[in-house]
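K.L.:
predicted model, plus sequence, below.
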Amino acid sequence: MEIIIQPTPEEATGVAARIIARLLAEKPDAVLGLATGSTPVLLYRELIAMDLDWSHVTTFNLDEYIGIPREHPQSYHSFMTDNLFRHINISPSHIHIPDGNATDIPASCADYEKRIAAAGGIDLQILGIGTDGHIGFNEPTSSLASRTRIKTLTRQTRIDNARFFGSEEDVPHHVVTMGIGTIMEARQNLLLAFGPGKARAIAEAVEGPVTSLNPASVLQMHPTVKVCLDEPAASQLSRADYYRWVYESKPGWQTF
Ligand code: F6R
């Protein structure tokens with residue numbers, strides 16, 4: 001894992017945006033895995049401002065709520081349209097988001113996996129992290145080998161996401177999410193976390209044991225993971241000075 005600690009969310013996002021811009025420059029038909037929630041909002045704003053060419057890019061989103069219509073303002077379909085897709089030149093046929101309204105959700109999950117494989121796999125997966133360590137909506141105790149499927153949100157995640165819906169009761173109980181096994185097959189993972197509320201989850205994920213109790217900790221087993229943090233999110237890392245030193249000592253050709 002490469003831990004990149006920056007003073008602010010804006011600076012940490014800047015590093016992440018440059019990593020993605022470099023990938024698209026090297027591979028214009030890259031397959032990107034996308035996340036939603038508050039964390040990547042700045043990143044999408046930054047990518048839009050960079051005016052990149054998305055015409056050959058394919059995207060797969062991590063997750064979607066079950067039981068709210070696509071047009072609902074808090075559906076991840078709406079989130080992606082509002083925060084990214086309507087501002088870039090991506091082809092609608094290249095956009096993939098799990099279908100939380102499919103009549104046969106298990107079949108549509110299996111189809112999602114097939115579509116990822118048919119696209120050649122995900123080159124770079126963007127991830128946020130829940131306060132309980134979830135990635136995608138793989139809550140603690142999710143199988144570390146799981147594939148795209150239905151999950152039930154924890155009480156904590158519903159409390160955390162009540163800020164988007166107005167009240168906890170309005171947050172759906174169920175979601176479709178890529179599995180941890182699916183995420184682990186991405187060629188690169190790029191995890192972003194900001195704010196003191198993420199500090200414990202990040203410290204456990206980066207420096208704790210690999211355990212399904214903190215699903216993000218499985219990323220320790222992935223060969224190419226970058227973790228972009230602001231100072232508050234990094235505040236419980238015991239080796240933060242080492243990570244800063246490694247990043248500052250990078251040769252110029254390796255910096256972002
Ligand atoms: C969203 C997702 C989730 C979020 C996580 C953090 O697609 O996969 O894992 O990244 O819940 O959410 P925020 O960024 O709102 O704190």
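P.N.:
Perfect, I can see it now.
K.L.:
residues of the helix or strand hosting residue 11 that come out buried?
P.N.:
Using DSSP states H and E, residue 11 maps to helix 9-26. If you call a residue buried by 16 or more other CB atoms under 10 Å, then helix 9-26 has these buried ones: 9, 12, 13, 14, 15, 16, 17, 19, 20, 23, 24. Backbone N, C-alpha and C define where each C-beta goes, glycine included.
K.L.:
also stretch 137-157?
P.N.:
137-140, 142, 144, 146-149, 151, 153-154, 157.
K.L.:
in PDB, could you pull the C-alpha coordinates for that stretch?
P.N.:
Written as PDB, here are the backbone C-alpha positions of stretch 137-157 (Å, rounded to 0.1, in the frame of the first residue of the first chain):
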ATOM      1  CA  PHE A 137     -21.200  -1.600   0.500                       C
ATOM      2  CA  ASN A 138     -19.300  -4.700   1.800                       C
ATOM      3  CA  GLU A 139     -20.100  -4.300   5.400                       C
ATOM      4  CA  PRO A 140     -18.000  -5.900   8.200                       C
ATOM      5  CA  THR A 141     -18.000  -9.700   8.000                       C
ATOM      6  CA  SER A 142     -18.500  -9.700   4.300                       C
ATOM      7  CA  SER A 143     -16.700 -12.600   2.600                       C
ATOM      8  CA  LEU A 144     -13.400 -11.400   1.400                       C
ATOM      9  CA  ALA A 145     -14.000 -13.500  -1.800                       C
ATOM     10  CA  SER A 146     -17.500 -12.100  -2.400                       C
ATOM     11  CA  ARG A 147     -18.800 -11.100  -5.800                       C
ATOM     12  CA  THR A 148     -21.500  -8.600  -6.900                       C
ATOM     13  CA  ARG A 149     -24.600  -9.300  -4.800                       C
ATOM     14  CA  ILE A 150     -27.300  -8.000  -2.400                       C
ATOM     15  CA  LYS A 151     -26.100  -6.700   1.000                       C
ATOM     16  CA  THR A 152     -27.900  -5.400   4.000                       C
ATOM     17  CA  LEU A 153     -26.600  -2.100   5.400                       C
ATOM     18  CA  THR A 154     -25.500  -1.900   9.000                       C
ATOM     19  CA  ARG A 155     -27.300   0.400  11.400                       C
ATOM     20  CA  GLN A 156     -24.100   2.500  11.400                       C
ATOM     21  CA  THR A 157     -24.000   3.000   7.700                       C
END
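K.L.:
what sits up against it?
P.N.:
62-63, 66, 98, 105-106, 109-110, 112-113, 130-134, 161, 171-184, 210, 212-215, 218 (CB atoms under 8 Å, 6 or more residues apart in numbering).
K.L.:
from the protein, which residue is nearest to the ligand?
P.N.:
As assessed by CB to the nearest ligand atom, the ligand sits closest to residue 128 within the chain, at 2.3 Å.
K.L.:
OK, contacts around that residue?
P.N.:
Taking CB under 8 Å, 6+ apart, one finds 35, 36, 37, 38, 39, 40, 135, 191, 192, 193 in contact with residue 128.
K.L.:
now, of these, which are buried?
P.N.:
Neighbour counting with 16+ other CB under 10 Å marks 35, 36, 37, 39, 40, 135, 191, 192, 193 as buried within the contacts of residue 128.
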